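> Requesting a structural model of the entry that follows:
(2 chains)
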Amino acid sequence: MTPLAALDYYEPWWAQLAKSVVIFAVVLQMVPLVLMMERKLLGRMQARYGPNRVGPFGMVQPVADILKLLSKEQSRPHSSVGPLYALAPAISILTAVAALAIIPFGPVVDIFGTDVGLYGIDVDIGILYLFAFGAIAFYGLVLGGWASGSKYSFLGAMRAAAQLISYEVAMGLSLVGVIFTAGTLSLVEIVEAQKGMWYVVPQFVGFGIFLIAGFAETNRTPFDLPEADAELVQGYMTEYGAGRFALYYFAEYMNMIVISAIASTLFLGGWLLPFGIDPPGWVDPIVVLAKIFFFLFLFIWIRATLPRLRYDQLMSFGWKVLLPLATVNALVTAIVVVST
Amino acid sequence: MPVAGTDRPDEELLTINMGPHHPATHGVLRLMVKLEGEVVRDCKPIIGYVHTGIEKTAEDKAYWKVIPVVERMDYLAYYFNAQTFCMAVEQLLGLEVPKRAQYLRVIHLELNRIASHLVWLGTSALDLGAISMFWYCFREREKVMDLFEQSSGQRMHTRYIQVGGVFEDVPAGWADKVRAFTREMPRRVDQYAALLDRNEIVLRRLRNVAVVDEQTLLGLGVTGPLLRAAGNPWDLRKAAPYSSYEDFDFKVPVGTVGDNYDRFKVRMYEMYESVKIVEQALEGLPEGPFITEDRKVALPPRHELGTSMEALIHHFKLVTEGFRVPPGEAYAPIESPRGELGAWVRSDGSAKPARVHMRDPSFVNLQALPYMAKDGYVADLIATLAMLDPILGGIDR
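Residues are numbered from 1 along each chain as shown, chains lettered A, B, ... in the order given. Prediction:
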C-alpha cells in the first residue's frame, strides 16, 4: 500500500502533533481577525467607522459576537429533522478545517535539529484532497437547508447545491493548467516549481477562473445566492441560531481563508518572494499569511462593490462562460507543455 | 386547478409567504408568492399591517392640526403630504398663497423629492446586493435632513407647510447651504451612476425585467416614475402646474421600454431635474410675506399681539378653535416622488374636516406588482418591488 503522504525525511510524532495544533490554532485565530477586518474595511468603504465600541478600536467585537452566539439557547423549528439539523453545520466546519491540512506555509526547515515541513501534510494528490473535501462541504449546506424544514432554507439549499456543483467543475478545470505546468499534484512541489515565475503570469486565465469560481464556492458576493438576504432572508441558514449559526459563519470565513491560501499557493508562489529574494525560513509563513490577507482584502473589496447575480445568470455564467474558458485554457496549456 | 400558462397542477407550486417582516419588502408588506422552482407564477400583496387610521384621526382635529398627522402617512414624502392637504384646504378657503411661500414650498418639495429618491436608490441597491450604495445615499440624504432641520427645526415630519403659506421664513445663510448642496448633488448622482449604471451585473439584473406596457399601467391607475418609465410623460408639475411650477424650466424624464432599468434611470434623472428646480427657485425667490396676510387663517405676527386687540382675538380663536372652512369639497393632486398624491377634503363648515381622503400613489402603484412580477424570477420580484418604491405607511394610512 502506498502511503497517503510521501515523506522523504523522518518526522517524529510530536512534530506532527505540534504542527497540526499550531496550524489549527493560527488559522482559527485568523477568523475573528478576518471578521474584524471585513467589518472595519466595509465600514471605511461605506463612509462610516465600523465597530469601535468593544475594546481598543473595537477589536474585541468579534469575540463579543461569538460569545454572545455561543451563550444563546439552541432552538430549532418543529418541522426540522433533529439529528441532521445539528450535524449539518458540523460538516461545514469540518471540511473547512480539513482543507487547511495541505496548505504549505513553507518548505522543510530545521527546528531544533529536526526536519519539519511547514505544512500539515504533503499529500501526493493535494488538489484532489482539496476537491474531495469541497464536495463534502456541500452536504453541510444542503443538509442544513433541507433539515431546517423551512421553505426559505430549502430554496437556499437547492441554490447552494446547484451553484457549488456547477462552479466546482470550472474550478477543477481551471487548475488543470497549473497541474500540467508543474507536473505534480502536491502543493509543496507546485510551489517549488514556481521558482522563477509565479503561475499567475502564464496561467492568468486559470487564475481568473479560479478566483471567480472561488467566490462562488465560498458563497461570497456577487455569488452569495444561497444566502441572498434580499429574497431568501439567509438562505440555508435562515433557521439556524446560537452556536450552530456561529459554526456556519465560522465555516464561511474559514472557507474564504482556505480559498485564499490555495490561490496564493497555486498562483502567487506560496512562500516564494519575487525577484529572487530568499529570506530565512521563519519568514515563509509570514509571506504566505500576507498573500492570504491580500486575497481576503479582495473578497471584502468586491463585497462592498458588486451587486448580486440572478440565479439563472449565475448558472449560465458558470456553464457557458467559465467552463468553456477553463477547458480551452487546459487544452492550450497541454499543447504548450507538450510542444516545449 | 391548473396554473395559468402551464399544464402543471396548482399543488406542484411552492407557496411561500414573504413578510410582513422580511428584509426586502420595504416595510410591513406581505406577499403570498407561488413559485415554480425559482419562477414566480403568482404574487398577491396583502396590506394593512401598519394601518394607523390617520384619515379618521384627521376628522377629529382642527385643520391646522391635521397637517402633522397626514405628514406621517408617506413618511418619506412628508412635505408632499402637507402640501396636498394644504392645497385642498386653500382651495376650499379660496385663499391666495404668497409667491414667496410658493417658491419656498417648491424648494422644500424638491429637496424632499431628492431625499425620497435617495432612500429609494439606497434600499433598491441593497436589494440587488450592492450594499455600499445604501450608505452613500444616506450620506447625501443626511445633508437634506440638515437643511430641513435648519429651515423648520425638524428632520422629518417638519410641519413646515401651513395653510396659506409656510411656517417660517428660511433663516439667514440657509440659501447658501442649499446652493452648496445643489452644487454637490449632481456630482454625487454621477458617482452613483458610475457605480451602478455601468456595472454589467446591474444592467443584466434590470434590463428587460418586469416590462409592463403603458396601457396596462394606465388601466391600473399607475402614475409617477413607473408610468413615465413606460413612455408616458405624465407629470402633474407640467400637466397641471401648482405652486408656481410653471415658472421653472425642467424636463420630465421618460423611459422607452418600461422595464426596471427605465424605472431606475427615470428616478436618477429626476434627481438632476429636482436640483435644477431648487437652483432656479432660490435664484428667483421673490421678496414678500411667507404666509398669507389673512388673519382669519394665519397667526398674526408676534409683535402685533402686544399692541393690537384684534390680533390677540385672532390669535386666541386660531389657537383654540382653529379657522372655519366654508362647506364644500376639494381635491388637490400633486406630483409626489411616487406619483399622483391627492388630498380630498370635505368640509361641513366647522373647524374640523368632515372627511379627509388621500389618494396615495404607493397604494395604487402596488396593484401593478403582480403584473410586473409574474413569470419572472423570485430575485426579480424583489428588484421589481424595490423599483416600485412602495411606502407602506402611505399604503395603509
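
> and the closest residue in space to A:Val258 that isn't next to it in sequence, how many neighbours does it have?
Closest residue to A:Val258 apart from its sequence neighbours, by C-beta to C-beta, 6 or more residues apart in numbering or on different chains: A:Ala99 at 4.6 Å. C-beta: built from backbone N, CA, C; applies to glycine. If you count neighbours by other C-beta atoms under 10 Å in any protein chain shown, A:Ala99 ends up with 25.

> List the buried residues for the helix or strand that A:Ala99 is a member of?
In this assignment (DSSP states H and E), A:Ala99 forms part of helix A:82-100. Neighbour counts over helix A:82-100 (16 or more other C-beta atoms under 10 Å in any protein chain shown) mark A:85, A:87-89, A:91-100 as buried.

> Out of these, the closest to chain B would be?
A:Tyr85 (19.9 Å; C-beta to the nearest C-beta).

> Look up how far B:Val89 lies from the residue lying closest to B:Ser350 once chain neighbours are set aside.
In space, and not counting its chain neighbours, B:Ser350 is closest to B:Arg324: 6.3 Å by C-beta to C-beta, 6+ apart. Distance of B:Arg324 to B:Val89, computed by C-beta to C-beta, to the nearest Å: 11 Å.

> Compare those two (neighbour count), which wins?
B:Val89 (27 against 18).

> Wait, a helix at that one?
Yes: B:Val89: assigned to a helix according to DSSP: H, G, I helix; E, B strand; the rest coil.

> after the helix holding A:Ala99 comes which helix or strand?
That would be, after helix A:82-100 and using DSSP H and E, strand A:108-111.

> Direction included, what does that next one pair up with?
Applying DSSP bridges, strand A:108-111 is found paired with strand A:114-117 (antiparallel).

> Just the buried residues of the strand it pairs with, please?
A:116-117.

> send the alpha carbons of it over as CSV?
C-alpha atoms of strand A:114-117 as CSV (Å, rounded to 0.1, in the frame of the first residue of the first chain):
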residue,chain,number,x,y,z
THR,A,114,14.6,18.0,13.5
ASP,A,115,13.4,18.4,9.9
VAL,A,116,9.9,19.7,9.9
GLY,A,117,7.8,20.6,6.9
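
> residue ranges of the strands in chain B, please?
Along chain B, the segments classed as strands by DSSP state E run B:14-18, B:30-36, B:39-46, B:161-162, B:165-166, B:328-336, B:339-347, B:353-359.

> B:Ser347 and B:Gly94, how far apart?
For B:Ser347, the distance to B:Gly94 - C-beta to C-beta - is 12 Å.

> Look at those two and report which has more neighbours.
Legend: neighbour count by other C-beta under 10 Å for B:Ser347 and B:Gly94, higher for B:Ser347 (23 against 8).

> how about the residue nearest to that one when sequence neighbours are not counted, what does it touch?
Nearest residue to B:Ser347, sequence neighbours excluded (C-beta to C-beta, 6+ apart): B:Val325, at 4.2 Å. Applying C-beta atoms under 8 Å, 6 or more residues apart in numbering or on different chains to B:Val325 gives the contacts B:63, B:89, B:92-93, B:347, B:349-351, B:353.

> If we use 7 Å, what do you get?
Residues near B:Val325 by C-beta atoms under 7 Å, 6 or more residues apart in numbering or on different chains: B:63, B:89, B:92-93, B:347.

> how far away is it from chain A?
Between B:Val325 and chain A the distance is 46 Å, computed by C-beta to the nearest C-beta, to the nearest Å.
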